[in-house]
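1. curious how this folds, go ahead:
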Amino acid sequence: RNAALLTRSVKRLGGFWVKVGQYLSSRADVVPVPYLSRLSELQDGMPCAPFDDLVRTVGEDLTEEALGRIEAADPEPLSAASIAQVHRARLVDGRDVVLKVQHRGVSNLMRRDIDDLGVIARVLAYFDKDADFRPVVTEYSAEVRKELDFRQEARNMEEVRSLLKGRGVKAIVPKSVEGLVSERVLVMDYCPGYPIRDLEALDRAGVDREVLLGRVVEAWAAQMHVGGVFNADPHAGNILVSSDLGEDGDASIPVLLDFGLTKRLDPKKKIAFARMVHASAENDVDGLLRSFDEMGLKLNSQDPFGSMAAMQRSLADTVPQDEAKEANERKRREYEKRREAMREDQGVQKGQKLRNPVDAWPSELIFFGRVTNMLRGLCSRLNVRYPYLSTMAESAADALRDSVPHEERAVSIVHPSSLDVDTDLQRRLVRAAEHLIEDGSAMGLQISVMQNGTRVADVAAGGFGAPGTPPPPPP
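-> I've put the predicted structure just below:
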């Protein structure tokens with residue numbers, strides 16, 4: 001009953017609050033099932049606007065020539081969400097498309113909601129400096145305003161589609177139709193499919209859930225760490241499973257929708273986040289602290305191993321939904337133990353306020369955390385234990401390697417200077433060095449042999465270092 005009341009209230013408020021409800025509906029790892037079921041209605045089941053309103057908007061935004069390219073549109077929407085609703089349509093050239101049209105008045109409503117949220121944040125910060133969420137509101141507000149311009153969304157789709165193709169990620173991103181895009185109207189390819197949250201449909205189609213989720217996570221890993229431009233709203237309503245099996249009969253191909261809320265990282269921040277993820281996967285405490293410094297995250301704690309443990313918890317393997325309740329209870333107990341240890345460390349009695357563990361944090365962390373939580377929640381909802389961190393770390397490692405200038409990259413196990421000596425002993429030592437390092441028996445070695453003042457062997461060799469770290473020159 002409470003879940004139904006909450007959902008009705010969010011629908012009535014509309015605008016920004018639907019975004020909040022959509023986020024909660026994606027957290028199968030923490031939100032109770034009755035709430036998940038009800039809040040999922042917010043992903044694509046919002047009240048529909050009259051078709052005449054959409055026709056009016058399309059007529060206002062597109063030229064007569066552009067309108068003449070649309071042969072027909074289905075008055076029944078495929079879905080309706082917080083900002084727009086989508087209708088299937090057909091172009092005069094026979095191409096099947098979808099027509100995404102912004103709700104009339106939603107732009108003003110969203111801006112008003114954001115302004116109201118800013119007022120609430122200022123009031124909270126005035127009474128409690130530890131509850132200063134103004135940076136969160138500022139960052140989120142800037143990105144949500146961009147979501148209201150469908151021309152930017154079309155550019156985002158093109159960039160991400162090209163990125164995933166280049167990375168070999170098997171996922172579909174619809175292509176917009178040139179000449180049929182405006183601030184409030186977006187025409188794109190029709191990609192047949194069904195919601196990823198429809199577990200019965202997944203099973204009927206013979207979908208491999210682990211393969212499907214692997215492609216979804218790989219797609220976001222590439223966006224976040226390689227491209228530095230990522231869809232910051234990966235709730236289940238924005239991901240379909242393609243019903244077009246193609247020639248190979250693959251039933252596990254995701255269709256990625258809605259690139260309105262898309263975050264862009266500047267090159268330095270992109271590398272900082274990639275280093276943070278890779279360091280977490282490799283237990284590299286120095287790398288983790290370096291990433292914090294690069295991104296502007298300042299902690300009140302002098303416990304680097306505690307920071308590493310916290311990162312690994314937040315990026316750990318996902319927990320299937322049928323185990324989530326027990327896992328959350330275990331996390332709660334562990335959290336209380338950590339809080340008790342912090343109270344002892346700070347000399348604070350139970351009931352008194354603990355010192356804020358964070359002094360400063362980058363605004364981009366909002367969307368990094370949002371995507372991480374939503375994707376992990378999706379894995380839980382599909383009842384899959386997925387190695388989230390290791391998948392993210394692969395793309396993070398690629399980004400770090402790419403950040404090293406070509407002239408500074410190691411190209412082989414044995415340093416090129418070893419080619420300067422041409423003796424039988426040198427060749428045997430090179431083969432031995434390669435074998436020792438490749439099988440893990442040695443991390444690195446240097447050998448120099450002189451005979452009667454002449455070099456007869458001179459070998460410098462070593463394993464490849466952490467991504468993003470240029471190799472040291474030989475002595």
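2. isn't there a helix covering residue 392?
-> Yes: Residue 392 forms part of a helix when assessed by DSSP: H, G, I helix; E, B strand; the rest coil.
3. residue contacts, it?
-> Residue 392 is in contact with 217, 221, 224-225, 277, 281, 315, counting by Cβ atoms under 8 Å, 6 or more residues apart in numbering. Where C-beta positions appear, they are placed from N, C-alpha and C, glycine not excepted.
4. where does the residue lying closest to residue 181 once chain neighbours are set aside land on pLDDT?
-> Nearest residue to residue 181 in three dimensions, chain neighbours excluded: residue 154, at 4.7 Å (Cβ to Cβ, 6 or more residues apart in numbering). Residue 154 is assigned 96 on the pLDDT scale.
5. residue 154 contacts residue 183, correct?
-> No: using Cβ atoms under 8 Å, residue 154 is not in contact with residue 183; the gap is 10.8 Å.
6. more neighbours, the two?
-> More crowded of residue 154 and residue 183, by other Cβ atoms under 10 Å: residue 154, with 22 against 13.
7. host element of the more buried one?
-> Taking DSSP states H and E as the definition, residue 154 sits inside helix 150-167.
8. ok, now residue 456?
-> Secondary structure from DSSP H and E places residue 456 in strand 454-462.
9. pull the distance from that strand to the chain's centre.
-> The chain centroid and the centroid of strand 454-462 are separated by 46 Å under Cα atoms, centre = their mean, to the nearest Å.
10. and if you look at stretch 391-409?
-> 18 Å.
11. now it: buried residues?
-> 391-400, 404 (16 or more other Cβ atoms under 10 Å).
12. one more: stretch 406-423?
-> Quick answer for stretch 406-423 (16+ other Cβ under 10 Å): 410, 413-415, 418, 421.
13. and after the lowest-mean-pLDDT helix or strand in the chain, which helix or strand comes next?
-> Least confident helix or strand of the chain, by mean pLDDT, DSSP states H and E, is helix 41-44 with a mean of 53. On the C-terminal side of helix 41-44, the nearest following helix or strand under DSSP H and E is helix 51-61.
14. who's in contact with that next one?
-> Here helix 51-61 makes contact (Cβ under 8 Å, 6+ apart) with 67, 70, 75, 85, 87, 99, 101-104, 182-185.
15. so which bits of that helix are buried?
-> 51, 54, 57-58, 61.
16. low-confidence regions, the stretch 101-250 of the chain specifically.
-> Low-confidence segments of the stretch 101-250 of the chain (pLDDT under 70): 124, 128-133, 135-137, 139-140.
17. all the helices of it, in order from the start?
-> Applying DSSP state H, counting those that start in this stretch to the stretch 101-250 of the chain gives helices spanning 106-127, 134-147, 150-167, 199-204, 209-221.
18. just put those helices in CSV and tack on distance to residue 177.
-> Output for these, formatted as CSV (distance: least, Cβ to Cβ, whole Å):
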stretch, distance to residue 177
helix 106-127, 23
helix 134-147, 20
helix 150-167, 9
helix 199-204, 28
helix 209-221, 23
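19. looking at neighbours, which among the contacts of helix 51-61 is most surrounded?
-> When neighbours are counted by other Cβ under 10 Å, residue 101 leads the contacts of helix 51-61 with 27 neighbours.
20. residues contacting residue 170?
-> Neighbour list for residue 170: 215, 250, 253 [criterion: Cβ under 8 Å, 6+ apart].
21. skipping its backbone neighbours, what lies nearest the second one in space?
-> Spelled out, it's residue 250. That would be residue 170: by Cβ to Cβ, 6+ apart, it lies 7.4 Å from residue 250.
22. packing partners for the helix ranked longest in the chain?
-> Secondary structure of the chain per DSSP state H: the longest helix is helix 321-346. Packing partners of helix 321-346 (3 or more Cβ pairs under 8 Å, 6 or more residues apart in numbering; DSSP states H and E): helix 365-381.
23. dump the C-alpha coordinates for the helix it packs on into PDB.
-> Written as PDB, here are the backbone C-alpha positions of helix 365-381 (Å, rounded to 0.1, in the frame of the first residue of the first chain):
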ATOM      1  CA  LEU A 365      31.400  11.500  -8.600                       C
ATOM      2  CA  ILE A 366      27.700  11.900  -8.400                       C
ATOM      3  CA  PHE A 367      27.100  10.400 -11.800                       C
ATOM      4  CA  PHE A 368      29.800   7.800 -11.400                       C
ATOM      5  CA  GLY A 369      28.100   6.600  -8.200                       C
ATOM      6  CA  ARG A 370      24.700   6.800  -9.800                       C
ATOM      7  CA  VAL A 371      25.700   4.600 -12.800                       C
ATOM      8  CA  THR A 372      27.500   2.100 -10.600                       C
ATOM      9  CA  ASN A 373      24.500   1.700  -8.300                       C
ATOM     10  CA  MET A 374      22.000   1.400 -11.100                       C
ATOM     11  CA  LEU A 375      24.000  -1.200 -13.100                       C
ATOM     12  CA  ARG A 376      24.700  -3.200 -10.000                       C
ATOM     13  CA  GLY A 377      21.000  -3.000  -9.100                       C
ATOM     14  CA  LEU A 378      20.100  -4.200 -12.600                       C
ATOM     15  CA  CYS A 379      22.400  -7.300 -12.200                       C
ATOM     16  CA  SER A 380      20.600  -8.000  -8.900                       C
ATOM     17  CA  ARG A 381      17.200  -7.700 -10.400                       C
END
